[in-house]
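S.K.: From the sequence below, what's the structure:
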Amino acid sequence: MQTPTPQISQYLGRTVDLAAFDGMLPDGRDTLLSQALVQEGETGALVTGTEKLAQRFLVELLTDRGSLRYLPKRGTTFMIEARRGLWRTTTDVEQSFYGAMLTIESNLISEENVDDPLDEKYGSANILAVSVVADLVVLRIILQSLAGISREILYPLRVNSIGA
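M.R.: Model (predicted):
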């Protein structure tokens, strides 16, 4: 029997998610992500470890609080505030993010199981930088797992015109 390649072996004995953000690079290099389960001509991708944690974090951040019928406490007001045009400065974006963090932390921790790997369990998240240009907000977030592994997330958001 052939020994699994390192790419396959990282998934053995672990739960996986389907990648919701296509283009994630496992080595953490900056790359533009597209929100797609499967790109044309592709078969989809699986994520585990810190990539899975990063995806869980982004999904929670970008889900509108109360939008899931049977999970009304999931999600945050982060994107609701963005669509309402409440972000005028980088400080507004940061305040919205840190307000959302109270909910995100609680929701992510409550869905974790005792036997989940530590690199998939939420530790902390902070903003490294926010860039605001017209209708584009770019967030650079540092996410840390309970295993002490950090992952930087670079996420661009189109929003209502800032400062209008």
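S.K.: next SSE after the biggest strand by length in the chain?
M.R.: In the chain, assigned by DSSP state E, the strand with the most residues is strand 122-133. The first helix or strand that comes after strand 122-133 along the chain, using DSSP states H and E, is strand 136-145.
S.K.: Quick check, D92 in contact with R84.
M.R.: No - checked against CB atoms under 8 Å, the pair D92 and R84 is beyond contact range at 11.1 Å. (Each C-beta comes from the backbone N, C-alpha and C, glycine too.)
S.K.: These two: which is more packed in?
M.R.: Between D92 and R84, counted using other CB atoms under 10 Å, D92 has the larger neighbour count: 17 against 11.
S.K.: For the more buried one, which residues are in contact?
M.R.: L86 (CB atoms under 8 Å, 6 or more residues apart in numbering).
S.K.: quick one, the helix or strand it falls within and strand 122-133 angle?
M.R.: Using DSSP H and E, D92 maps to helix 90-111. Put simply, helix 90-111 runs at 150 degrees to strand 122-133, going by axes from the mean of the first three to the mean of the last three CA atoms, to 10 degrees.
S.K.: residues near L139, how many?
M.R.: When neighbours are defined as other CB under 10 Å, L139 has 20 of them.
S.K.: Tell me who's in contact with the residue lying closest to it once chain neighbours are set aside.
M.R.: Leaving aside its sequence neighbours, L139 sits nearest to Y155 (CB to CB, 6 or more residues apart in numbering; 4.9 Å). Going by CB under 8 Å, 6+ apart, Y155 touches 33, 58, 138-139, 141.
S.K.: Identify, from these, the entry nearest to L108.
M.R.: Minimum distance to L108 across those is 11.1 Å, recorded for L58 (CB to CB).
S.K.: how close does that closest one sit to G123?
M.R.: 16 Å (CB to CB, to the nearest Å).
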